[in-house]
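**Q** give me coordinates for this.
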Amino acid sequence: MKNRRLAIIFAVVLVDMLSFSIVLPLLPYLAESIGATATQIGLLTAMYPLAQVFAAPLLGRLSDKVGRKPVLVLSILGTAGGFVVLALARFLPILFVSRFIDGITGGNISVAQAYIADVTDPKDRGKALGLIGAAFGLGFILGPITGGLLSGYSYALPAWVGAGLAVLNAVAVTLFLPESLSTDDRARLAARERRHAFDPRSLLDALGHKRVGPLLWIRLATGLSFSIFETSFALWALAALGLTSQTNGLVLGYVGVLSVFVQAFLIGKLTARFSDDQLLLSSLGIAGTALLLWGFVPNLPLLLVLMPALSVGLSVTNTITTSALSKAVHHDEVGGVLGMQTSIQSFTRVPAPVLAGLLIDKVSVWSPGLLAGLLTLAMVPFAYTALCVRPGASGCAEDAEVAPAAVTKEEADA
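**A** Here you go, the predicted structure:
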C-alpha cells in the first residue's frame, strides 16, 4: 500500500511539474511577442513565486485540517485554470493574471511532501522525498522539450496542453490517491485553535527554534542563491554563451536527466549511509563551489561538464533540508512547517530574477554566479555551527530526534 501511494504521488508531482515546465522556457518569448519589455518580463517571472509566498503556508495548514487529498485536487484545478487564462492571453495584464492564479494554487509541493511524511518512517523519509525531486527532474526533461516542439505551431498550444495535463492529474488524484490523514487526525487538528496561515508569530517561533530555525535560515539563503541560477539561466546563457532557445531547452533537459539520476538512485544510498546533517554540509559545499564556477564558464562543453556537480549539490541540499525539517516537528505540524518552507523558498524567487537581471546588465555576466556561490558557501560554516557543534546539537553523527515544541507553543500547552 505504501509503495502504491508513493507511486501515485510521484505521478502527481511529475504531471504537475510537466504541466508547469512545458511553458516555463517559453514564457519570456510569449511575453515579448505581445510587447513586454525586459523589466516587465522579470516582473512577470516574479509574479508566480510572489503569489506562492502567501498561498503555500495556507495550503499546507489547510491540508493539516481537511486532509491532503482535497487540497491537492483544488490546487491542481487552479493550475489548470491558470493555464487556460495563459492560453487566451492577448494583453500583458492578462499574462500577469494567469501567473497569479497559478501561483496562488501552485504551492501544493508542500502538500505532496506532507503526504509522503504521513506515510513514511523518519529513517526512510529522505529516500521517499527524493521521489519528488526525481519527478521534478523528469518533468524538466519532458517539459521544455515538449514545449519547444509545440511552440513551433503556437505559443498558446503548450499552455493548452499544460491545462489538459493538470485536469488529468486532478482526476487521477480524485480516483486513485487515498487520503493520508485519518479521521482522528483531522478531528484533532480541527479541534485546535484556528490560526492564520501566514502567521508572523509562528514564523518567528520557528526561526528561533534550535533546529528548525537554522534549517529555515539555510532554506532562505540557498533558496535565493538557487533561484538566482534558475531564473537567470536563460538570460545568462544568451548573454554569456549566445545559446538559442532550442539549445537552452536541450541543456535544461540534460539538467533534468541528471536530477532524475541523483534523486532516484543516489539519494537513497546516501541517506542510508550518512546523517541528514552530514549530507547537508557536503551538498552545500558542492553546490556553492559549482555555482561559483558556473558564473565563469566560457563555453558550452565546460558548462555540460559542470552540470553533474551542480545537480548533485542542488538536489541533495533541497531534499535533505526538507527531510530534516519534517523530522524536527510533530506529525500534526508537518504540513504547516513544509508550507512555511515553501513560502520562504517562493519569497526568494521574487527578488532573484530582478537581482540577476540587474547584475548581468550593470555588472557582468559572471556576477550572478559569484553571488550565488558565495552565499551558498557561507551556509557551510553556519550549518556546522548551528547543527553540529552548538550545545544540544546532534553533532552531525546521526539524525536529530523530533523536538516536542519545535514550532508551536500549542503543543506544549496540549
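**Q** mind listing what's buried in stretch 348-362?
**A** 348-357, 359-360 (16 or more other Cβ atoms under 10 Å). To be clear about C-beta, it is placed using only N, CA and C from the backbone, and glycine gets the same treatment.
**Q** helices - which of these land there?
**A** Members of the buried residues of stretch 348-362 lying in helices (criterion: DSSP state H): 348, 351-357, 359-360.
**Q** redo those as TSV? Include pLDDT.
**A** Written out in TSV, the entries for these read as follows (pLDDT from 0 to 100):
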residue	pLDDT
T348	82
P351	85
A352	84
P353	77
V354	78
L355	84
A356	81
G357	76
L359	84
I360	80
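**Q** switch the buried residues of stretch 348-362 over to TSV; also include distance to V312.
**A** Output for those, formatted as TSV (distance: Cβ to Cβ, whole Å):
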residue	distance to V312
T348	21
R349	22
V350	27
P351	26
A352	21
P353	24
V354	28
L355	25
A356	22
G357	27
L359	25
I360	26
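**Q** out of these, who's nearest A156?
**A** Looking at these and their distance to A156, the nearest is P353, at 23.1 Å (Cβ to Cβ).
**Q** what helices or strands is the helix or strand where A55 lies leaning on?
**A** Using DSSP states H and E, A55 sits within helix 38-66. Packed against helix 38-66 by the contact rule (3 or more Cβ pairs under 8 Å, 6 or more residues apart in numbering; DSSP states H and E) you find helix 27-33, helix 68-88, helix 92-105, helix 109-119, helix 183-191, helix 334-348, helix 351-362.
**Q** and L374, which of those is closest to it?
**A** Among those, the nearest to L374 by Cβ to Cβ is helix 351-362 (12.7 Å).
**Q** elements contacting the closest one?
**A** With contacts taken as 3+ Cβ pairs under 8 Å, 6+ apart, helix 351-362 sits against helix 38-66, helix 212-236, helix 367-384.
**Q** so which of those comes closest to A134?
**A** Shortest separation from A134 across the helices and strands packed on helix 351-362 is recorded for helix 212-236, at 17.5 Å, computed as Cβ to Cβ.
**Q** so for the closest one, mean pLDDT?
**A** Mean pLDDT, computed over helix 212-236, is 85.
**Q** can you give me the buried ones in the helix or strand that that helix is followed by?
**A** Under the assignment DSSP H and E, the closest C-terminal helix or strand after helix 212-236 is helix 245-261. Taking 16+ other Cβ under 10 Å as the basis for neighbour counts, the residues of helix 245-261 that come out buried are 245, 248-249, 251-261.
**Q** against which helices or strands is helix 245-261 packed?
**A** The elements that helix 245-261 packs onto, with contact taken as 3+ Cβ pairs under 8 Å, 6+ apart, are helix 122-150, helix 212-236, helix 300-327.
**Q** could you dump these to TSV with distance to S275?
**A** Rendered in TSV, the data for those read as follows (distance: least, Cβ to Cβ, whole Å):
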stretch	distance to S275
helix 122-150	10
helix 212-236	14
helix 300-327	9
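**Q** remind me which residues of the stretch 251-400 of the chain are low pLDDT?
**A** Scanning the stretch 251-400 of the chain for pLDDT under 70 picks out 332, 335, 389-400.
**Q** can you rerun that using 50?
**A** Per-residue confidence of the stretch 251-400 of the chain (counting by pLDDT under 50) places no residue in a weak region.
**Q** and what of the stretch 1-150 of the chain?
**A** For the stretch 1-150 of the chain, no stretch is flagged by pLDDT under 50.
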